[in-house]
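*Asks:* Got a sequence here, can you build the structure:
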Amino acid sequence: MAKSLKIRDLTLRDGQQSQLATRMNQAQVDRVLPLFRKAGFYAMEVWGGAVPDSVMRYLDESPWERLESIKAGIGEASKLTALSRGRNLFGYTPYPDSVIEGFCKNAVRSGIDIMRIFDALNDIDNMTASMRFVKEAGGMADCAVCYTVDPKFTRAERFQAFMKGKRLPKRLFDLRYFVEKAKKLESLGADMITIKDMAGLIDPAESWALIGALKSEVGIPIDLHTHCTPGYGVASLLMAMVKGVDIVDTVILSWSGGPAAPAYEIIQLFADRMGLDTGVDRAVVGQIDTLLRSARIELEKYDQYKANRPPILDLSKHKLPPEDSALFDQALEAAVAGKAELTLELCQKIEKRFNYPDPDDIVRQAQIPGGMYTNMLSQMQEAKLDQHMEEVLREVPRVRLDAGVPPLVTPTSQIVGVQAVNCVIDRLHGKPFYTNVSKNFLELVKGAYGHTPWPVDPGFREKIAGVRDETAYDTSKYKKQANPEIPEFGGVRLAVNEKEELLLELFPSVADKFLRGERKREWERANPVAPPIPEKPARYPAEFWEKELSLAIEA
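*Replies:* Numbers count the residues shown, from 1 in each chain. Reported below is the predicted structural model:
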């Protein structure tokens, strides 16, 4: 068994995105940086994901300044990491190499040490350009394989498909699928592999088996990233630790649980029992947690889990009550013995002691990401058809199969979810399925986003997209975003440097509004408006006449 365990802290990116709608402003970030510098985390995820969009859209702040300020505050104390969606970067459109290179180069220059690169289809071809450019810029390529599960079909559905001559996959996403993806990425130069389980769907038994297989067949570090939504988070990380995982992703206690990752403090307590050195200063983490609790109160209007804030636990000061300590011992004993169900039962009791939200049964049973479910429910509520939500959930596997069984991760989870809703609405209006097809679903089926894990039926592709053969997106037709001059601000360009031009490419409408605000502020600073000259009063004040009278007497 390994003698050390590296911790990647997610608090400033995935933590606030999961719990607080990515609303942490620069002042709140600056407040915790001196302590994070002392904490000793192997790495800190601080950028990418929703951060660049949100800091412009909601906070009117610069994403590049956010990253550079964090780098200045952390220095070399921890590696800074970011999340990137391969060829798609942040949106749906596949970008040409020139944009990918510019993004990767500037991200590393601004402070990123490790770029976590993933593709929503697990199409490695969509990841290679980012890998190359990150490494050329001097960064490390953390290549993520998105964890997903197979769509569920009943025996009746399988029989009906067989009678119609339609093939259904038996098991696509087995251990070999993930191991082979990891081995391929290693051969292409990946510096580490992450199993990226955004929906929290990896259960303890799968975690035990998968991490064990990866550690025996892959020679670079393995990281497990998961969430607590369906209630597997703590148990699955514990099983991974027992099987020798190199890195685990955690969030500081007060921002952990529910849609977020498990708490560092919980994982540290297990690491102590296993003799694993994390290198993290627990006293400093306790101080960070105090500041984060204040920030969570400040951001309360974005907090959906106010009732589930974990109790205070400073590992440098507090000891677990005997009954809680016994739970940790029993859970570790079960995990070492490979007893997945018992480990899960005990870890869920631990989560309950830390006031985590109850496991989301809909996510667990439907095996879909929580965000995908809420997006579908919102769409049905807007159509005043939310009473038909069960039908939508039943159609998700069918729509996903028709689209080539993509992993349900951003953005494919949204694409499949929206289309499942569209199909149910079609049926309720007496129309055939796929009467109303979203542009993104059409592009997915066409092949514009890459190779799907399961082949799309050519006849279905022709029906949806008008072509029978998989047709990749042609990046040569990509048109760069306009960068106009702004006459009212002295004719300056909207984007004044390469980093701002990249913001326009990646977030066109949001960046346009943000940059116009920047140019306006710069113009007003350079051209201050003189205070208005007060108008001459219609009548002179009494003091004036008194002065005039005294002058007249003296004369």
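
*Asks:* as a whole number, average confidence for the longest helix belonging to the chain?
*Replies:* Using DSSP state H, we find that the single longest helix of the chain is helix 508-526. In this model, helix 508-526 carries a mean pLDDT of 95.

*Asks:* ok, now stretch 121-139?
*Replies:* Averaged over stretch 121-139, pLDDT sits at 97.

*Asks:* for stretch 195-207, same thing?
*Replies:* On average, stretch 195-207 scores 95.

*Asks:* can you give me the end-to-end distance of it?
*Replies:* Distance across stretch 195-207, first residue to last, is 10 Å (C-alpha to C-alpha, to the nearest Å).

*Asks:* circling back: what does the longest helix of the chain contact?
*Replies:* The contact list for helix 508-526 (C-beta atoms under 8 Å, 6 or more residues apart in numbering) reads 53, 56-57, 60, 62, 481, 486, 488-490, 492, 494-496, 500, 503-504. Quick note: C-beta positions are derived from backbone N, CA and C, even for glycine.

*Asks:* With only the CA atoms kept, save it in PDB.
*Replies:* Coordinates of each C-alpha in helix 508-526 appear next as PDB, following Å, rounded to 0.1, in the frame of the first residue of the first chain:
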ATOM      1  CA  PRO A 508     -18.900  35.800 -27.500                       C
ATOM      2  CA  SER A 509     -21.900  37.500 -26.000                       C
ATOM      3  CA  VAL A 510     -20.800  37.500 -22.400                       C
ATOM      4  CA  ALA A 511     -17.300  38.800 -23.200                       C
ATOM      5  CA  ASP A 512     -18.700  41.400 -25.600                       C
ATOM      6  CA  LYS A 513     -20.700  43.000 -22.700                       C
ATOM      7  CA  PHE A 514     -17.800  42.600 -20.200                       C
ATOM      8  CA  LEU A 515     -15.200  44.100 -22.500                       C
ATOM      9  CA  ARG A 516     -17.400  47.100 -23.500                       C
ATOM     10  CA  GLY A 517     -17.700  47.800 -19.800                       C
ATOM     11  CA  GLU A 518     -13.900  47.600 -19.400                       C
ATOM     12  CA  ARG A 519     -13.300  50.000 -22.300                       C
ATOM     13  CA  LYS A 520     -15.900  52.400 -20.900                       C
ATOM     14  CA  ARG A 521     -14.200  52.400 -17.500                       C
ATOM     15  CA  GLU A 522     -10.700  52.900 -19.100                       C
ATOM     16  CA  TRP A 523     -12.100  55.800 -21.200                       C
ATOM     17  CA  GLU A 524     -13.700  57.500 -18.200                       C
ATOM     18  CA  ARG A 525     -10.500  57.200 -16.200                       C
ATOM     19  CA  ALA A 526      -8.500  58.700 -19.000                       C
END
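
*Asks:* tell me which residues in it are buried?
*Replies:* Residues of helix 508-526 classed as buried: 510, 511, 512, 514, 515, 518, 519 (neighbour count, 16 or more other C-beta atoms under 10 Å).

*Asks:* So what's the gap between it and the chain middle?
*Replies:* In terms of C-alpha atoms, centre = their mean, to the nearest Å, the centre of helix 508-526 is found 27 Å from the chain centre.

*Asks:* Which phi and psi values does residue 249 adopt?
*Replies:* The phi/psi pair for residue 249 (degrees, to the nearest 10) reads phi -100, psi 130.

*Asks:* Measure how buried it is and give me the count.
*Replies:* 27 (other C-beta atoms under 10 Å).

*Asks:* tell me the contacts of it?
*Replies:* Per C-beta under 8 Å, 6+ apart, neighbours of residue 249: 8, 10, 14, 45, 223, 224, 225, 226, 261.

*Asks:* With adjacent residues omitted, what lies nearest to it?
*Replies:* residue 225 (4.3 Å; C-beta to C-beta, 6 or more residues apart in numbering).

*Asks:* Ok, residue 64 next?
*Replies:* Leaving out its chain neighbours, the residue that sits closest to residue 64 by C-beta to C-beta, 6+ apart is residue 499, at 4.9 Å.

*Asks:* got the buried residues for the host helix or strand of residue 500?
*Replies:* Applying DSSP states H and E as the criterion places residue 500 in helix 498-506. Neighbour counts over helix 498-506 (16+ other C-beta under 10 Å) mark 499, 500, 501, 502, 503, 504, 505, 506 as buried.

*Asks:* cool, and stretch 452-467?
*Replies:* So, applying 16+ other C-beta under 10 Å, buried residues of stretch 452-467: 452, 453, 454, 456, 457, 460, 461, 464, 465.

*Asks:* for those, which one is nearest residue 18?
*Replies:* residue 453 (26.2 Å; C-beta to C-beta).

*Asks:* part of a helix, is the closest one?
*Replies:* No: going by DSSP: H, G, I helix; E, B strand; the rest coil, the assignment for residue 453 is coil, not a helix.

*Asks:* so where's the stretch 51-200 of the chain shaky on pLDDT?
*Replies:* Low-confidence regions of the stretch 51-200 of the chain, defined here as pLDDT under 70, do not occur.

*Asks:* Redo the buried residues of helix 498-506 as JSON lines? Include distance to residue 397.
*Replies:* Below are the buried residues of helix 498-506 laid out as JSON lines (distance: C-beta to C-beta, whole Å):
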{"residue": "499", "distance to residue 397": "42"}
{"residue": "500", "distance to residue 397": "43"}
{"residue": "501", "distance to residue 397": "42"}
{"residue": "502", "distance to residue 397": "38"}
{"residue": "503", "distance to residue 397": "38"}
{"residue": "504", "distance to residue 397": "39"}
{"residue": "505", "distance to residue 397": "36"}
{"residue": "506", "distance to residue 397": "33"}
